[in-house]
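**Q** take a look and give me a structure for this.
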Amino acid sequence: MSTPSHPARINCVLICGGVWHDIDFARLELLKILAEDERVRTRVFEDYEKIQAIEQADILVTYTCDVVPSLAAQEALRSWLAKGGRWYALHGTNSILRMLSSGLWDAPRWAPLMMDMLGSQFISHPPIKPYRVRVADPSHGLVKGIEPFETADELYHLETHGALHVLLETDCTESGAGFVEATNAPGTHPVFYIKQHGAGAVLYLTLGHCRGHYDLQPMMDWWPTIDRCAWDLPVFYDLLRRGIAWIKERQRAAA
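**A** Predicted structure coming up:
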């Protein structure tokens, strides 16, 4: 319940964890944005196994790479979504990565329930360099007024699952680099989309790669650059704020 002087609390779970990314940086930036709304009270975890916390959450935000929920956690997420949960999934949340003896990265299909919920699975990306993102549905409030923009980020080649409401998209013109399924990368891929699930929904944004000096250990002791990619762009923070506002909308309606 809420009153004009006492708006309802919004319980958020933020999951930030995994490999090959500057998880500390992403976690801090997302917490700062979530804290802009004093109603939001956030619990932070590195994986999906705090099932009770997820079941009690109003909203879920994830920034992970190669973090795969257990089957029990996936089933809890599916039930939570069906009841009206809203999940903002960022960047590598849809990734499962294994390096083969050939030295190539594979994207094994080990979590079909997870990828069906997310609406996509990461398959590969070409070398990081600038590419253009365009608006696919300019009438939707999540992207209304957003102009096409250029970003130097990981351009995700995705295997999609189910009906997606695509909001932003891009064209991939070259093969992935160092991935088993690299040759299938060229084509048009969603960058920002919604997938409905019963009364709930997943909002997915593929942008947001980040890496610091220590984030490739143990493969590489020192990465020579600090990479912020789309995090350097005001439009990326705009999309983060719009997305977080959108997943909170159900709570405003219920208050």
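
**Q** need the contact list for the residue nearest to His189 when sequence neighbours are not counted.
**A** The shortest distance from His189 to any non-neighbouring residue, by Cβ to Cβ, 6 or more residues apart in numbering, is to Leu158 (5.3 Å). C-betas here are computed from N, CA, C, even on glycine. By Cβ atoms under 8 Å, 6 or more residues apart in numbering, the residues touching Leu158 are 94, 120-123, 189-190, 206.

**Q** mind running it again at 7 Å?
**A** 120-123, 189-190 (Cβ atoms under 7 Å, 6 or more residues apart in numbering).

**Q** from these, which ones fall inside strands?
**A** Assignment to strands by DSSP state E places the following of these there: 120-123, 189-190.

**Q** if we can go back for a sec, bridging residues for the residue nearest to His189?
**A** On the basis of DSSP bridges, Leu158 is bridged to Phe122.

**Q** so it versus Asp58, what's the distance?
**A** 28 Å (Cβ to Cβ, to the nearest Å).

**Q** tell me, how many residues neighbour Asp22?
**A** Counted by other Cβ atoms under 10 Å, the residues lying close to Asp22 total 21.

**Q** torsion angles phi and psi at Asp137?
**A** With angles defined as degrees, to the nearest 10, Asp137 sits at phi -140, psi 80.

**Q** from Pro218, how far out is it?
**A** 43 Å.

**Q** which of the two has more neighbours?
**A** Asp137 (17 against 5).

**Q** for the more buried one, what are its contacts?
**A** 143, 166-167 are the contacts of Asp137 under Cβ under 7 Å, 6+ apart.

**Q** okay, and Ala72 sits in which element?
**A** Element membership of Ala72 [criterion: DSSP states H and E] is helix 71-82.

**Q** give me the buried positions along that helix.
**A** By neighbour count with 16 or more other Cβ atoms under 10 Å, helix 71-82 contains the buried residues 73-74, 76-78, 80-81.

**Q** what is that helix packed up against?
**A** Secondary-structure packing of helix 71-82 (3 or more Cβ pairs under 7 Å, 6 or more residues apart in numbering; DSSP states H and E): helix 51-56, helix 112-118.
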